[in-house]
Every structure is written in C-alpha cells, then in structure tokens.
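**Student:** Just the structure for this:
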Amino acid sequence: MMEQRLTDIATVFWRDWVVLKRRLAKFLLSRMVAPLLYLVAFGWGLGRSIPVEGGTYLDFIVPGILALNSMNISFNSITPVHAERVYHKSLEEYVSAPIWPDAFVLGKLLAALLRALLSSAIICALAFAFGARLSITPLFLLVLSMNCILFAEIGFIAAMKINTFEEMGQVNTYILLPMSFLCGTFFHTAALPSALRLIIDALPLTHTSYLLRALGTGTDASLASLVVLVLYAVFLYVLCVRTFRRLSE
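**Tutor:** A predicted model of the protein is given here:
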C-alpha cells in the first residue's frame, strides 16, 4: 500500500519535473532578475554602508529576500492547477485516475518545493557573490522548505476555490504583496504600529523571516516561530486534501 502511494506521488511529481526540465534554462535565468535587482539596490548600493545588528544591511536582507522569493515562487508554481481545473478541464483526469487522491496534492506540492528551492539556490549564490555572510544549516533549509510548502498549499487551495484568472491575481495583490513588504523581509516589524504588528506577527512569512535571519546569522532561533510554521503547514495541508477530494464527490 505504502509503495503504491509513493509511486502515485512520484508519478504526479515526475509530470511537473518533465515540464520544468524542458524550460529549466529559461526558468533559472528568469529567477535571477528580481533577486539581482534587490541585491544591487539594497545590498550593493545601500547595504554595505549601513550596520545592522553587528553586520551589514546586506546580511540582514538576504534571509528576507529568500523568504519573500520562496513564497512567491511556490505559490505561483501551483497556479497552473487553476487553469487545469477551470479552463482546460484536465483536472478530471487526475480525479478519475486510479491513484491515491492525496498523491496529486503531495506531488504538486513537491514540484512547487523543487522550483522554489532552485530559485533560492540562485539567490544564495548571488548573495555570496555580493559578499553576504550567511550560514546555511540543515535547520535553515528545513525552515525554507516549510515556507515553500505552506505557500504552495495556499496556492493549491486558491486554485481549487477560485473560478476566474482575475481573482487569482487578486490573491497576489491583497495577500502576498502586503506580506512581501511588511513581514520582516526588509525591516524589523518592531518599527510598525502596535496594532498592525499584532496582525503581521500572526502571518507565516513573518516567522520565516525571523527564523531564516536568526539561523543565517548564527543567533538563537525562536522555537515558537518554528511551531507556528509547522501548525500552518499541517492545517493548510488538511484543507488542500479536503478541497481536492470534494472534486470527486
């Protein structure tokens, strides 16, 4: 039973890997543009001259860029599922296929994780080239992977619930974009008003930024933030499975 389920997951994942492999060079090059601009503007132009917590602003901002980038890439990697469900009507093939229903969810999440980690590797390489100091540990990679997974889960739920392409774009505008700038990616959340900070501190990207920055600089990481990410990931996975299974009812 377990072997068959793993095979089902691998089959879904392999389909996405074949598509990515054909476009891998374009994917990697396109993922270099935004991080390179961030590093030039905030790192080279500004970051080296501003000390932050015993380091430079470049050291401070790189974990935030990783958190921000992994959120966007993992979410947007799932959006084709929306087109498959609403426009191409090809999602029914997975629903009617003799595979474990959860395999589709897990396969898609793993494919999004792969894309986001590839993009993150590019950012790390660029950051080191710019002179950033960043300690990449197994726990650092675990936190980064959890961030990729939970935002891929958010993307999957949106793809299952939303019925138009325009509404999918609104998720980026009203949810991802505010988190991109407010969740500790470019500055400390302590600078925000108290009422707004209570909301921001409840969002997953804030805890990812906290953890990646602490782990990347070798300081103490918050166990509470790690627990928050785990709870988000588990809760969102349950919602993903439920929304997909409803298609076959």
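
**Student:** Find the residue ranges of this structure scoring beneath the pLDDT cut-off.
**Tutor:** Low-confidence segments of the chain (pLDDT under 70): 43-55, 87-98, 248-249.

**Student:** Helices along that one, start to end?
**Tutor:** Listed in chain order, the helices of the chain (DSSP state H) span 2-22, 24-38, 57-86, 91-96, 101-129, 138-161, 165-171, 177-182, 194-200, 204-217, 223-245.

**Student:** Would you mind measuring from residue 194 to residue 185?
**Tutor:** According to C-beta to C-beta, to the nearest Å, residue 194 stands 20 Å off from residue 185. Bear in mind the C-beta positions are built from the backbone N, C-alpha and C, glycine included.

**Student:** burial count for residue 24?
**Tutor:** Residues within reach of residue 24, counting by other C-beta atoms under 10 Å, total 12.

**Student:** repeat for residue 32
**Tutor:** 14.

**Student:** which residues touch it?
**Tutor:** 122, 126 (C-beta atoms under 8 Å, 6 or more residues apart in numbering).

**Student:** Could you tell me how far it is located from residue 112?
**Tutor:** Distance from residue 32 to residue 112, by C-beta to C-beta: 19 Å.

**Student:** ok, now residue 10?
**Tutor:** 15 Å.

**Student:** correct me, but residue 59 touches residue 133?
**Tutor:** Yes - look at residue 59 against residue 133 with C-beta atoms under 8 Å: they come within range, at 5.2 Å.

**Student:** Just want to know which of those two has more residues nearby.
**Tutor:** Higher neighbour count among residue 59 and residue 133: residue 59, with 23 against 14, using other C-beta under 10 Å.

**Student:** buried residues in stretch 242-249?
**Tutor:** 243, 244 (16 or more other C-beta atoms under 10 Å).

**Student:** what about dumping the CA coordinates of it to PDB?
**Tutor:** Presented in PDB, the C-alpha positions along stretch 242-249 are these (Å, rounded to 0.1, in the frame of the first residue of the first chain):
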ATOM      1  CA  ARG A 242     -10.300  18.200   1.600                       C
ATOM      2  CA  THR A 243     -10.800  20.700  -1.300                       C
ATOM      3  CA  PHE A 244      -9.300  18.200  -3.800                       C
ATOM      4  CA  ARG A 245     -11.300  15.300  -2.600                       C
ATOM      5  CA  ARG A 246     -14.500  17.300  -3.000                       C
ATOM      6  CA  LEU A 247     -14.000  17.300  -6.800                       C
ATOM      7  CA  SER A 248     -14.600  13.600  -6.800                       C
ATOM      8  CA  GLU A 249     -17.800  13.700  -4.800                       C
END
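
**Student:** List the single closest residue to residue 160 in space, sequence neighbours excluded.
**Tutor:** residue 243 (4.0 Å; C-beta to C-beta, 6 or more residues apart in numbering).

**Student:** ok, that neighbour - contacts?
**Tutor:** Remark: with contacts taken as C-beta under 8 Å, 6+ apart, residue 243 is in contact with 156, 157, 160, 161.

**Student:** how about TSV for those, with distance to residue 177 and neighbour count added?
**Tutor:** Shown next, in TSV, are the contacts of residue 243 (distance: C-beta to C-beta, whole Å; neighbours: other C-beta atoms under 10 Å):
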residue	distance to residue 177	neighbour count
156	19	29
157	18	19
160	22	20
161	19	14
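
**Student:** Looking at those residues, which two lie furthest apart in space?
**Tutor:** 156 and 161 (9.7 Å; C-beta to C-beta).

**Student:** Could you find the closest non-adjacent residue to residue 158?
**Tutor:** residue 171 (5.1 Å).

**Student:** ok, how many other residues are close to the residue lying closest to residue 201 once chain neighbours are set aside?
**Tutor:** Nearest residue to residue 201, sequence neighbours excluded (C-beta to C-beta, 6+ apart): residue 189, at 6.4 Å. Around residue 189 there are 17 other residues, counting by other C-beta under 10 Å.
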